[in-house]
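Engineer: can't give you the sequence, but here's the structure:
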């Protein structure tokens, strides 16, 4: 679960290896540096040079090394939002974040979100007449779900305008914008928010 | 709450509002896409392929020195146009793999325009695939290897503008196909003047009023988030390809014929696809082949995936249209002519489908009551990115001029344009006014407030000192109705009824987003209504695997929502007969004495409640009852339904900014297969519809031909905050052949949007903008000109 802290995360720093346990106790050459990432509540230790480079993005590491393929990489430059994960409870673009920057922080991906999460349920179930569905091809959906969860954690009672503004860093080319907005408002309602669906 | 649409005929599941069957799978991130099944986590020995991209608008590789690239640690193979396994490949056309059906190399649609080579030594636009590809341990290493290549380029003269390209002496883009850059007439598209009726010249001379207008459609990108990719792996002599193609069977045919492999040795596997929109109808297809060759050479699985930049490898076809209408004073249109010049870019692909084939289909129905008609089109090569298939191919461009000249004519005649349209357009299966078109216009006018809001162009009230408002509309015939399916081969589905009453539905189609999977499940439950089966009891097999699935129904023509359900309706009858035969055996009765109603086997005429069919099945050998159906789609011509868009805009004369205040999107569907999905199409299509109208355009540096905005920072796709309020309106007025008589709407939902907005802008400010996107600069220039 995202932390409830309203404080902005500290500027991410490379903390590679600092607190991580050594990988080997044998006579094998000691790795120069390791990076520990907490992902969905589990700690993972990576060896720089073998598992990742300094330039490896968080998105790449999560998808390629951990097989967490719920997040998608599309634009690769922070313009579509498909790679959104939560870092200490706040949505970030994992394609624009270096893996080493996430060291020491709590990363939550869509795989860490329960199926009965109100946002997941609202996205999956949206079929209110006049607003279409919140999902079509589904490629952008996990990114939207994570961003919406981040938005609701910060503002549990958003208005429609606030939802639009809050999610405008994302692109859904299938164009489920009306359905997505309804889903977020419904999820807010379900969680006891005041904003409510139109 | 908004009012739901009302069904013409009440059905149990078809036409309902309900969640998508894949909603939860997608919202939890569990749905797998081609990019997900090919990560290093699953393929630890995966290699990545990267292809050299042309830095020039037109050039030829004289020599390649790959020594330094090959030396780079991590580089596993460098393949060039000189390698024998590449050089022997036949020239091809990306229009081969048009989706409607599986076709062979010999029968491809555009045989005359086989202008693509796999790893060509000649490049024809900045960003074109050039003749070298590298496989390496990582994408970064592959990219570095490409940088280390020493290429001796012969730079050739180039041309970007289609009108320039048509002039004598212009650089020839494909001298092997045409010396003039103009594609010659071909058997599918027809002559340059591809449709004539009556005597247009004489009719124009005799009419009371003539109007003429032009429209320019620039190129937009399809913009799928899920970049086109494939992963190729050989196991002994079997090649497996995982891809986000939308046509598994055709991809198998493509690879089989180009690489000379038997069909049973090529296996294509498709999972969910993150948006299609026409993207891989055309454009770059050789990557399937060089990726397979690299996998063969290295003995390892190889993946190729477009980057965001490379995803700009195909676009909507830019077209310059001229339209002319002639009418009597009473508004009867007696003459019409339309001429298109299409900038097809560097490769012909399907351009003649956009320029001739699709408009001819529109003209056949929509202009049926206009006695004198001439349709003319030219496809012109230039050194820009190839431009062809995008949602609503060919229709969007024609609509931009059609509703333009209609609006011009109405203005000149002093008539309400809605009245003018009702009076003249329909189809030959019905007398005027067309019921479907009338319903669309009436409902649209009511919802936008047509009567109250219309005013003389530029003469409405002023808001906040500089802002003016206007309303406009556009209309178009539904185009992918029954008879467009003539070209399609058999549609295959199988129903496997398990002894516990659940159903495994193999209705293979690559689910690219439109929700035909949900339509299929609803269609299956509807067809098996006599078993009392609910959609929850039907399991739709999501992946298409050419080794295991039936042939996939290709996800084009906006038609899959109903094509497979029509076949299921027939398959269900066969299933019913099999159940009754089994029941007769188990109950010791004659088949004709029995019936199955609401899931119970009953004796005809008996008041007894009968036996649950599951009980009967459970007494048998527990082998599922299987029905496999395969038949041609219905192609009976029964006319077409209509669609329309009504827009209200506010234009700020001080800044040139246009805000769309309201959009009404109307589609007569024949039968709505799945209401939530259909509304999602209507709403969703407007991201491209509004985007193409106001923001989206690929911009080139004219001096070099370098495209300047192949990324999503500079190429503007509307986000949630940019979109207007949209009302989706579903209608059931027209009816096609078959159980449902439906018409797909996935593409047509955005066909009318640009011109509806342009006509509304004219209403607002009194000047006409003829090309899209309507940028503030164009508005200000037009206002300055008056």
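Structural biologist: Ah, there it is. Predicted model, so just to flag it, every value in this text is computed and none were measured. Numbers count the residues shown, from 1 in each chain, chains lettered A, B, ... in the order given.

Engineer: Would you mind checking the average pLDDT for the helix or strand harbouring residue B:412?
Structural biologist: Residue B:412 belongs to helix B:395-413 when elements are defined using DSSP states H and E. Here helix B:395-413 scores 98 as its mean pLDDT.

Engineer: The helix or strand just after that helix versus helix B:395-413: what angle between them?
Structural biologist: Helices and strands here follow DSSP H and E; after helix B:395-413, the next one along the chain is helix B:417-424. Following axes from the mean of the first three to the mean of the last three CA atoms, to 10 degrees, one obtains 110 degrees for the angle between helix B:417-424 and helix B:395-413.

Engineer: Off-centre distance for helix B:417-424?
Structural biologist: 29 Å (CA atoms, centre = their mean, to the nearest Å).

Engineer: Can you name every helix or strand that the helix holding residue B:412 contacts?
Structural biologist: strand B:209-217, strand B:319-327, strand B:333-345, helix B:358-366, helix B:417-424, strand B:467-477, helix B:753-765 (3 or more CB pairs under 8 Å, 6 or more residues apart in numbering or on different chains; DSSP states H and E). In short, each C-beta sits where N, CA and C put it, glycine included.

Engineer: Least reliable of the ones you listed by average pLDDT, please.
Structural biologist: helix B:358-366 (a mean of 92).

Engineer: related to what we said a few turns ago, would you mark the buried spots in the helix holding residue B:412?
Structural biologist: B:395-411, B:413 (16 or more other CB atoms under 10 Å in any protein chain shown).

Engineer: One more: stretch B:695-704?
Structural biologist: For stretch B:695-704, by 16+ other CB under 10 Å, it's B:695-698, B:700.

Engineer: Let me see the domain layout of the chain.
Structural biologist: Just so you know, I chose chain A. The record's domain parsing of chain A by automatic domain parsing lists A:34-111, A:118-190.

Engineer: Correction: the question concerned chain B.
Structural biologist: With domains defined by automatic domain parsing, chain B comprises B:23-27+B:490-631, B:34-156+B:222-305, B:158-221+B:314-415, B:426-488+B:634-786.

Engineer: Tell me where chain A has strands.
Structural biologist: A:34-39, A:42-47, A:84-87, A:90-93, A:106-108 (DSSP state E).

Engineer: Would you tell me which of the ones you listed gets closest to residue A:133?
Structural biologist: strand A:84-87 (19.8 Å; CB to CB).

Engineer: and that closest one, which strands flank it?
Structural biologist: When pairs are called by DSSP bridges, strand A:84-87 turns out to pair with strand A:90-93 (antiparallel), strand A:106-108 (antiparallel).

Engineer: which regions of chain A sit below the pLDDT cut-off?
Structural biologist: A:1-32, A:192-198 (pLDDT under 70).

Engineer: Go again with 80.
Structural biologist: A:1-32, A:191-198 (pLDDT under 80).

Engineer: Grab the most central residue of it for me.
Structural biologist: For chain A, the residue nearest the mean C-alpha position is residue A:85 (1.1 Å; CA atoms, centre = their mean).

Engineer: low-confidence ranges in the stretch 201-350 of chain B?
Structural biologist: If you take pLDDT under 80 as the line, the stretch 201-350 of chain B has these spans: B:280-283.

Engineer: rewinding a little: mind putting the buried residues of stretch B:695-704 in TSV, distance to residue B:257 included?
Structural biologist: Output for the buried residues of stretch B:695-704, formatted as TSV (distance: CB to CB, whole Å):
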residue	distance to residue B:257
B:695	40
B:696	36
B:697	37
B:698	32
B:700	35
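
Engineer: closest to chain A among the residues you listed?
Structural biologist: For the buried residues of stretch B:695-704, the minimum distance to chain A (CB to the nearest CB) is 11.0 Å, reached by residue B:696.

Engineer: got the contact list for the closest residue to that closest one other than its chain neighbours?
Structural biologist: Nearest residue to residue B:696 in three dimensions, chain neighbours excluded: residue B:220, at 4.3 Å (CB to CB, 6 or more residues apart in numbering or on different chains). Residue B:220 makes contacts with B:315-316, B:390, B:688, B:691-692, B:696-698, as judged by CB atoms under 8 Å, 6 or more residues apart in numbering or on different chains.

Engineer: Looking at those residues, which two lie furthest apart in space?
Structural biologist: Longest span within the contacts of residue B:220, CB to CB: B:688 and B:698, 14.0 Å.

Engineer: tally of neighbours for residue 48?
Structural biologist: This is for chain A. Residue A:48 has 19 neighbours, counted by other CB atoms under 10 Å in any protein chain shown.

Engineer: wait, I meant chain B there
Structural biologist: Neighbours around residue B:48, by other CB under 10 Å: 24.

Engineer: how much space between it and residue B:271?
Structural biologist: Remark: distance between residue B:48 and residue B:271 (CB to CB, to the nearest Å) = 20 Å.

Engineer: try residue B:295
Structural biologist: For residue B:295 relative to residue B:271 (CB to CB), the value is 19 Å.

Engineer: Residue B:312 too?
Structural biologist: Using CB to CB, we find residue B:312 at a distance of 24 Å from residue B:271.

Engineer: just to revisit the earlier point, could you export the contacts of residue B:220 as a markdown table, including secondary structure?
Structural biologist: Below are those laid out as a markdown table (DSSP: H, G, I helix; E, B strand; the rest coil):
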| residue | secondary structure |
| --- | --- |
| B:315 | strand |
| B:316 | strand |
| B:390 | coil |
| B:688 | helix |
| B:691 | helix |
| B:692 | helix |
| B:696 | coil |
| B:697 | coil |
| B:698 | coil |
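
Engineer: Can you get me a residue count around the nearest residue to residue B:41 once chain neighbours are set aside?
Structural biologist: Of all residues not flanking residue B:41 in the chain, residue A:67 sits nearest, at 3.4 Å (CB to CB, 6+ apart). By other CB under 10 Å, the residues close to residue A:67 number 13.

Engineer: Verify the stated contact: residue A:67 with residue B:38.
Structural biologist: No - applying CB atoms under 8 Å as the test, residue A:67 and residue B:38 come out as separate, 11.4 Å apart.

Engineer: thinking again about what came up before, contact partners for the residue nearest to the centre of chain A?
Structural biologist: Contacts for residue A:85 (CB under 8 Å, 6+ apart) come out as A:58, A:62, A:71, A:91-92, A:94, A:107-110, A:146.

Engineer: Looking at those residues, spot the one nearest residue B:360.
Structural biologist: residue A:71 (44.9 Å).

Engineer: ok now do residue B:146, which residues does it touch?
Structural biologist: B:50-52, B:69, B:132, B:134 are the contacts of residue B:146 under CB under 8 Å, 6+ apart.

Engineer: How about it: what's its closest non-neighbour residue?
Structural biologist: That would be residue B:52: by CB to CB, 6+ apart, it lies 5.4 Å from residue B:146.

Engineer: wait, is that neighbour part of a strand?
Structural biologist: Yes - assessed with three-state DSSP, residue B:52 lies in a strand.

Engineer: how many other residues sit next to it?
Structural biologist: 23.

Engineer: Tell me how far it lies from residue B:142.
Structural biologist: To residue B:142, residue B:52 is 10 Å away according to CB to CB.

Engineer: so where do the helices sit in the stretch 101-250 of chain B?
Structural biologist: Taking DSSP state H, counting those that start in this stretch to define them, one finds helices in the stretch 101-250 of chain B at B:139-147, B:162-165, B:200-206, B:248-259.

Engineer: ranking those helices by burial, who's on top?
Structural biologist: Among these, judged by mean count of other CB atoms under 10 Å in any protein chain shown, the one packed with the most neighbours on average is helix B:248-259 (a mean of 23).
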